[in-house]
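> predicted model, plus sequence, below.
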Amino acid sequence: MKKTLIALVLMLAMTTTASAERKELHILSGNDMHAAIECFPRLGFIADSLRALYPDLLILSAGDNRSGDPLNDMYEIPAYPMVVLMNQVGFDATTLGNHEFDSAQEGLARLIDLSAFPTLCSNVHPDPKWNMHLKPYTKFFKNGLTIGVIGVVQLGSMGLPESHPARMTEISFTDPLETVKQYEFLRKECDVVILLSHLGYDTDVEFSKDLPWVDMIIGGHTHTQLKGGEMHNNVFITQNVNRLKQITHSTVVVEDGKVISRTAENIAVRGEKNENKVIGELVRYFSENPAFHRVLATAETPFEDKEELGCLMVDAYVAETGADLSYQNSGGVRYETHEAGDFTVADVLRLDPFQNDAVELHVTGKEVSEMLIACYNNDNQRFPYVGGMKAEFTVDPATQKIKKLMLFDKDGKKLNLKKTYKVISNSYSVAVSPTNRKDQGESLGIITAKLIMDYLEHQGKVNYQGRRCLKQL
Amino acid sequence: MKLKVNRKYIDVFEGAEVRHALLSYFAWKGLDVKLVDTLTVYDNTGHEIDLNAPASQHEVVKFKLPKSETSKTKK
């Protein structure tokens, strides 16, 4: 009897132990980091600290790692600093965001090869000629758990991610939801299934209805700040705002092969103390990039006032895009003089530091005139610099409003108010020039600073002494 | 491309960020566009978003002025 009792107690104990087999998966995830390289020393410290507690920490990015800082985006190999820093932090995988395509096909293929982690994106199918080593999904083995991670990127109205279409030729894209559904087999093969999504919050919530076999969606694209994570249709969703203001630490608990709990907390990154010093040194190295001292052109004469520099900028917009006309808000010209001699990459980035995109519009002469007046009104009543044309205007001394504006084309003839012109400006100027025009414009997916750099390189020598594009009567 | 800022529909260029929609909104209303960088912005579900969020992904955005700026505009 006594033996039977002991055996029963032992069996019960064994059963209890077996049923309580509990494993935790810890994930550190970011999204839309947009080249916030200055946050990486802190991110490295957070990753090190969590790894000390959870050696099998999984670190994931939901895409848009690049495009946001010229230190990264204009490196000799564009976006190379972010790859190095992500390698150093120990990222396990990323998916593609639409901005990864800003590197164009060959650039992106090169970055993927330089990454010490896989790039996962199930609905992107590059032509083999690009040698782009993408994987639709991968499996990780952490803390005795098998984790399947599938990547997916958003497609815009053209059926392409939101980047310049020329950077995506000979890459085909398939419907995100239908594509992801093909990987349902991972449910049987994995303890935890994660969708690494650059689809946006609303789409993640919508997809959760159709993907009940997914445990978690680590999202990006809409820059939506969630408090930890949210459960929708029994799928756990996380996302943060951009540029590493915060990241998410998620904990997935698996008991007897079943996910029983998913929780998450936000961790502040930007502006916080404690840094990984090695990564800090790497960031310092990238910030002192000698390539930024590269000479683009020689200024034969000094630039002696802001208008001469403004004329240089608007000339660049016209010359580098084949536009008829251009304009640039005065407030966006960030210094007033430049000595004769070298004009470097750093000089351009100081002149035009805001990372504004170039925007193309097709508008009539009348609409151009209305936009320029709106820009004047919203830029502290300073008239914008104009390219491909000259502006003469009078100002009411009492109200400082524009009383009369005349625009002349490059031949000195009055601008045809009915003719449609191709106009380039920067995204800020266009945004502060709201009018009831037919065409609101389209971003070219290139920053105006790059147009200025290209213009200077193509010119070799520039001379803007005495150049005027505005005349206040 | 249109999106609704508070209660007003705003036209923005293709590829715009939420920042550009807010700049246009402020410009239309004759408000100081410099305030845009001080705003806290929310999507239609009430989640905070940042100014660099793609405008194409947000049909509706709402903003709040910081308290210090609200008192300035009331004056």
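Alright, I've got the coordinates.
> let's see the pLDDT reported for the closest residue to chain B within the stretch 251-400 of chain A.
Proximity of the stretch 251-400 of chain A to chain B (CB to the nearest CB) peaks at residue A:378, 4.5 Å away. Just so you know, the C-beta spots here come from the backbone N, C-alpha and C atoms, and that holds for glycine as well. Here, the pLDDT recorded for residue A:378 equals 93.
> dump the residue contacts of residue 66.
Because you didn't say which chain, this covers chain A. A:34, A:35, A:72, A:73, A:78, A:79, A:82, A:99, A:100, A:102, A:103 (CB atoms under 8 Å, 6 or more residues apart in numbering or on different chains).
> hm, I was asking about chain B
B:38, B:39, B:40.
> do that again at 10 Å, thanks
Applying CB atoms under 10 Å, 6 or more residues apart in numbering or on different chains, we find residue B:66 in contact with B:35, B:38, B:39, B:40, B:72.
> okay, those residues in JSON lines with secondary structure, distance to chain A and pLDDT next?
Output for the contacts of residue B:66, formatted as JSON lines (DSSP: H, G, I helix; E, B strand; the rest coil; distance: CB to the nearest CB, whole Å; pLDDT from 0 to 100):
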{"residue": "B:35", "secondary structure": "helix", "distance to chain A": "12", "pLDDT": "93"}
{"residue": "B:38", "secondary structure": "helix", "distance to chain A": "16", "pLDDT": "93"}
{"residue": "B:39", "secondary structure": "coil", "distance to chain A": "13", "pLDDT": "94"}
{"residue": "B:40", "secondary structure": "strand", "distance to chain A": "10", "pLDDT": "93"}
{"residue": "B:72", "secondary structure": "helix", "distance to chain A": "17", "pLDDT": "51"}
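> residue A:462 and chain B, how far apart?
Distance of residue A:462 to chain B, computed by CB to the nearest CB, to the nearest Å: 29 Å.
> test my guess that that residue contacts residue A:302.
No: if you go by CB atoms under 10 Å, residue A:462 and residue A:302 don't touch, sitting 11.1 Å apart.
> which neighbours do those two share?
Overlap of the contact sets of residue A:462 and residue A:302 (by CB under 10 Å, 6+ apart) consists of residue A:308.
> next, format the contacts of residue B:66 as CSV and append neighbour count.
Output for those, formatted as CSV (neighbours: other CB atoms under 10 Å in any protein chain shown):
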residue, neighbour count
B:35, 16
B:38, 12
B:39, 19
B:40, 13
B:72, 12
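> longest helix in chain B, by number of residues?
With secondary structure taken from DSSP state H, chain B has its longest helix at helix B:18-29.
> following element in sequence after it, please.
Using DSSP states H and E, the helix or strand that follows helix B:18-29 towards the C-terminus is strand B:40-43.
> from the contacts of residue A:66, which single one is nearest residue A:121?
Taking CB to CB as the measure, residue A:121 lies nearest residue A:100 of the contacts of residue A:66, at 8.7 Å.
> what strand or helix carries the closest residue to the closest one other than its chain neighbours?
Leaving aside its sequence neighbours, residue A:100 sits nearest to residue A:108 (CB to CB, 6 or more residues apart in numbering or on different chains; 5.9 Å). Residue A:108 is part of helix A:104-114 when elements are defined by DSSP H and E.
> how about residues contacting that helix?
A:65-66, A:77-80, A:82-84, A:87, A:94, A:96, A:100-103, A:118-119, A:121, A:124, A:126-127, A:129-135, A:163-164, A:166-171.
> from these, which land in strands?
Of those, the ones assigned to strands by DSSP state E are A:94, A:119, A:124, A:126, A:171.
> show me which of those residues are buried.
Buried members of the ones in strands among the contacts of helix A:104-114, scored by 16 or more other CB atoms under 10 Å in any protein chain shown, are A:94, A:119, A:124, A:126, A:171.
> just the C-alpha atoms of the helix holding residue A:108, please, in PDB.
Provided in PDB are the C-alpha atoms of helix A:104-114 (Å, rounded to 0.1, in the frame of the first residue of the first chain):
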ATOM      1  CA  ALA A 104      17.700  50.600 -56.100                       C
ATOM      2  CA  GLN A 105      18.100  47.000 -57.200                       C
ATOM      3  CA  GLU A 106      21.900  46.600 -57.200                       C
ATOM      4  CA  GLY A 107      22.400  48.700 -54.000                       C
ATOM      5  CA  LEU A 108      19.800  46.700 -52.200                       C
ATOM      6  CA  ALA A 109      21.300  43.400 -53.300                       C
ATOM      7  CA  ARG A 110      24.700  44.600 -52.000                       C
ATOM      8  CA  LEU A 111      23.300  45.700 -48.600                       C
ATOM      9  CA  ILE A 112      21.600  42.300 -48.200                       C
ATOM     10  CA  ASP A 113      24.900  40.500 -48.800                       C
ATOM     11  CA  LEU A 114      26.600  42.800 -46.300                       C
END
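> got the buried residues for it?
Those would be A:104, A:105, A:107, A:108, A:109, A:110, A:111, A:112, for helix A:104-114 by 16+ other CB under 10 Å.
> and those residues as TSV, adding pLDDT?
Shown next, in TSV, are the buried residues of helix A:104-114 (pLDDT from 0 to 100):
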residue	pLDDT
A:104	94
A:105	96
A:107	97
A:108	98
A:109	98
A:110	98
A:111	98
A:112	98
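> nearest to chain B, of those residues?
The shortest gap between chain B and any of those belongs to residue A:104, at 16.7 Å (CB to the nearest CB).
> quick check: buried residues in the helix or strand containing residue A:237?
Assigned by DSSP H and E, residue A:237 belongs to strand A:235-238. Residues of strand A:235-238 classed as buried by neighbour count (16+ other CB under 10 Å): A:235, A:236, A:237, A:238.
> mind listing the residues bridging to the first one?
When bridges are taken as DSSP bridges, the partners of residue A:235 come out as residue A:232.
> neighbours of the residue in chain B that chain A sits nearest to, how many?
Here chain B gets closest to chain A at one residue, residue B:15, 2.9 Å apart by CB to the nearest CB. Residue B:15 has 22 neighbours, counted by other CB atoms under 10 Å in any protein chain shown.
> and the stretch 151-300 of chain A, which residues reach chain B?
Taking CB under 10 Å from any CB of the partner chain as the criterion, the stretch 151-300 of chain A approaches chain B at residues A:154, A:156-158, A:162-164, A:199-203, A:205, A:221-227, A:230, A:239-243, A:245.
> great, nothing more from me.
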